[in-house]
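[1] Show me the folded form of this:
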Amino acid sequence: METHSLSQVETLALKKQKVFQTNKVHYILRAVLASMFIGFGVIVAFKSGGYFYNEHSPVAYLVAAFTFGSAIILIAYGGGDLYTGNTFYFTYTALRKKMSWSSVMKLWTASYVGNILGAIAFAFLIYTTGLFRDSSVNGFLLSVAEKKMHTPISELFFRGILCNWLVCLAFFIPMNLKEDSAKLFVKVLFVFCFFISGYEHSIANMCTFAIALVLDHPETISFSGVIYNLIPVTIGNLIGGSILMGWMYYYVNKPYFEDDASS
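    Next up, the predicted model:
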């Protein structure tokens, strides 16, 4: 069963809580790092996919989805704290009564705020490089950002659910694997799946929008559009991680934990 991996989830959640309790600034800075790592993935994805987008090639999104996998490698091995993964880790640990729900709310809020700050900081750094000022380079990114800001809210919500379900699995399933190469393959594969499927990841969207807003963008890309997208996507991500991952794995494995406790 998944009990071994779930014990790792619980241990990880408690470590995160300890960091927060010891030094809240350190915890928030780890969240800042995580979204900046996502920012690197966004840049690589739209830069590489942009070459094909400018040629009207159908493989533009395929290339972007593949190269975006660099972000999850950075987070997995470079450290960082993502709100999306925390929806799973903290929910499961709270259901196991190893963490209070008040702590869960504080940790979710801190990681989300840190992720926002990281997205803003990374966008500023990209702006200072001048690498995305040319329309021949930023067209793909601006096109995707614009579409995300005008997708129906109900669709954004359900795409957010499916996205974080898949992303949490990308971190959860490799916990059963021993070889780093296998872990990397699974992580990158699952992230490729969420990206190519068109699902919505709130933190990746933050980074995409922040970069789009500091560029010379059309009026169809706006701060109100950012809010329009992020609210349903964030709620969807929360449900995908907390219900379909945290609650589901707690519920289906509860009998096995109870057997261990009684033996």
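
[2] okay, CA-based contacts and neighbour counts for the rest of this
    OK.

[3] which SS class is residue 199?
    For residue 199, the assignment made with DSSP: H, G, I helix; E, B strand; the rest coil gives coil.

[4] from what I can see it touches residue 162, true?
    Yes. Using C-alpha atoms under 8 Å, residue 199 is in contact with residue 162, at 6.6 Å.

[5] Please identify the buried residues of the helix or strand harbouring residue 13?
    Applying DSSP states H and E as the criterion places residue 13 in helix 3-22. Neighbour-count burial for helix 3-22, counted by 16 or more other C-alpha atoms under 10 Å, picks out 5-6, 9-10, 12-14, 16-17, 20.

[6] and residue 101, how many residues sit next to it?
    By the measure other C-alpha atoms under 10 Å, the count of residues near residue 101 is 15.

[7] Apart from its chain neighbours, what residue comes closest to it?
    For residue 101, ignoring the flanking residues on the chain, the nearest one in space by C-alpha to C-alpha, 6 or more residues apart in numbering is residue 94 at 6.2 Å.

[8] Name the next helix or strand downstream of the helix or strand containing the one you found, please.
    Element membership for residue 94 (DSSP H and E) is helix 83-95. For helix 83-95, the following helix or strand on the C-terminal side (DSSP H and E) is helix 101-129.

[9] State the mean pLDDT of the helix or strand just after that following helix.
    Reading on from helix 101-129 to the C-terminus, the next helix or strand found by DSSP H and E is helix 135-148. Averaging pLDDT along helix 135-148 gives 90.

[10] Can you list the helices and strands that helix 135-148 packs against?
    helix 24-53, helix 202-214 (3 or more C-alpha pairs under 8 Å, 6 or more residues apart in numbering; DSSP states H and E).

[11] what's near enough to touch the residue nearest to residue 153 when sequence neighbours are not counted?
    Of all residues not flanking residue 153 in the chain, residue 232 sits nearest, at 6.3 Å (C-alpha to C-alpha, 6+ apart). By C-alpha atoms under 8 Å, 6 or more residues apart in numbering, the contact list for residue 232 reads 153-154, 156-157, 160.

[12] which parts of the strand or helix carrying residue 232 are buried?
    Using DSSP H and E, residue 232 sits in helix 223-241. By 16+ other C-alpha under 10 Å, the buried positions in helix 223-241 come out as 225-226, 228-230, 232-241.

[13] next one: phi and psi at residue 54?
    phi -70, psi -20 (degrees, to the nearest 10).
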